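J.: Output the structure for:
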Amino acid sequence: MNYKKLSKISLIAFLALTFIFPSVSLAVGNAPSQEARDAKKAEIQEAKDAKKEEIQTNKTEKTCAMISNQAEQIQNRLTERIAKLTQKRTETQASIDERVAQRTAKRTERRAKWEATKTANWEKLRTKAGTDEQKTAVEKFIATVQTAVKTKNDAIDATLTQLRAEIQTRNNERKSEIDAQIASYKNAVASITSQVQSDCSAGKDAKTIRESYRTQMQQARETFQNRERNREEFNAEIKTLKDAKKSEVTAILETFKKTVEDAKAELRSAFPATTK
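T.: Numbering: from 1, shown residues only. Now for the predicted structure:
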């Protein structure tokens, strides 16, 4: 009797559990295999990797487009700078030629006036010569001064001509240096841009491409910008040239002045002062 009751109770308990938790038996029967779970994980990871690759590809494309645009702008600015530099050189040379022509014309005019004035003075001086000795002294004085004037003028002209030639040589050298620097910078930008395009085609990481581009462009800019310091050195060289030629002109004028003073002293000796 007790055994039968116990069996009934066990059966009733089992049925109750099955009624209350029907999913337990189903879950046991329908549980996915380890292989299916691994396949699902692999599918999810593959989707993540594909999304990550898509994001990276988009970043690379945007980076490459941005860099290409920047490089194009740099090239355009360089082209504009070269055009402006060429125009400025033409204008500067024209200005220099005009100033040289004006100074030469003024110098020629001053010399012509001096010659006209002195010619009149020579005639007055000749009228004061009463003796043959005085006449000889006057002609010697006139000849000495005229020779000294010609020597002075020729020396100054030669000094100025040499100065202009040396400055022109320095300018030509400077132009060649600047042109070489611009060409080098332009070629560097083209080379860097080509490398970026190659890296983009190879699908390199956007960050790597960007950092490499920035580093190389910074180096190229620093090299190009050194020309500003070279400009200061150039100006210093030109100043040294001008100072040296100025000293030469001063020496020429001092020599001329002494020659004329000596000639005057000799002339005065031929005209003794009269005593009252």
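
J.: Every contact and neighbour count from this point should use C-alpha atoms.
T.: Noted.

J.: quick one: low-confidence ranges for the stretch 101-250 of the chain?
T.: By pLDDT under 70, the low-scoring segments of the stretch 101-250 of the chain are 227-229.

J.: which other helices and strands contact the helix or strand hosting Arg110?
T.: Counting by DSSP states H and E, the element that carries Arg110 is helix 34-128. Other elements packing on helix 34-128 under the criterion 3 or more CA pairs under 8 Å, 6 or more residues apart in numbering; DSSP states H and E are helix 132-201, helix 206-225.

J.: just the angle between the first one and helix 206-225, please?
T.: Counting by axes from the mean of the first three to the mean of the last three CA atoms, to 10 degrees, helix 132-201 points 180 degrees away from the direction of helix 206-225.

J.: I'd like to know how many residues surround the nearest residue to Glu248 once chain neighbours are set aside.
T.: Among residues not flanking Glu248 along the chain, Thr159 sits closest, at 7.5 Å (CA to CA, 6 or more residues apart in numbering). Number of residues near Thr159 (other CA atoms under 10 Å) recorded here: 17.

J.: need the contact list for Thr159.
T.: Contacts here follow CA atoms under 8 Å, 6 or more residues apart in numbering; on that basis Thr159 touches Lys245, Glu248, Val249.

J.: Equivalent analysis for Ala101, please.
T.: No contacts exist for Ala101 under CA under 8 Å, 6+ apart.

J.: do the same with Lys242
T.: Lys242 touches Leu163, counting by CA under 8 Å, 6+ apart.

J.: Let me know the secondary structure of it.
T.: What DSSP: H, G, I helix; E, B strand; the rest coil gives for Lys242 is helix.

J.: just Gly203 next, same as before
T.: Applying three-state DSSP: Gly203 is coil.

J.: measure it to Met66 for me?
T.: For Gly203, the distance to Met66 equals 16 Å [CA to CA, to the nearest Å].

J.: Equivalent analysis for Glu233, please.
T.: For Glu233 relative to Met66 (CA to CA), the value is 38 Å.

J.: Which residue, other than its chain neighbours, is closest to Arg210?
T.: Per CA to CA, 6+ apart, closest to Arg210 is Thr63, 6.9 Å.

J.: Next, count neighbours for that neighbour.
T.: By the criterion of other CA under 10 Å, Thr63 has 19 neighbours.

J.: what separates stretch 108-125 from the chain centre, distance-wise?
T.: Counting by CA atoms, centre = their mean, to the nearest Å, stretch 108-125 is centred 52 Å from the centre of its parent chain.

J.: Send me that stretch as PDB with only the CA atoms.
T.: Taking Å, rounded to 0.1, in the frame of the first residue of the first chain, the C-alpha atoms of stretch 108-125 are listed here in PDB:
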ATOM      1  CA  THR A 108      77.500 113.000 -68.000                       C
ATOM      2  CA  GLU A 109      75.600 116.300 -67.600                       C
ATOM      3  CA  ARG A 110      77.600 117.300 -64.600                       C
ATOM      4  CA  ARG A 111      80.800 116.600 -66.400                       C
ATOM      5  CA  ALA A 112      79.700 118.600 -69.400                       C
ATOM      6  CA  LYS A 113      78.900 121.600 -67.300                       C
ATOM      7  CA  TRP A 114      82.200 121.300 -65.500                       C
ATOM      8  CA  GLU A 115      84.000 121.200 -68.800                       C
ATOM      9  CA  ALA A 116      82.200 124.300 -70.100                       C
ATOM     10  CA  THR A 117      82.900 126.200 -66.900                       C
ATOM     11  CA  LYS A 118      86.600 125.200 -66.800                       C
ATOM     12  CA  THR A 119      87.000 126.000 -70.500                       C
ATOM     13  CA  ALA A 120      85.900 129.600 -69.700                       C
ATOM     14  CA  ASN A 121      88.200 129.700 -66.700                       C
ATOM     15  CA  TRP A 122      91.200 128.500 -68.700                       C
ATOM     16  CA  GLU A 123      90.700 131.400 -71.100                       C
ATOM     17  CA  LYS A 124      90.700 133.900 -68.200                       C
ATOM     18  CA  LEU A 125      93.800 132.300 -66.800                       C
END
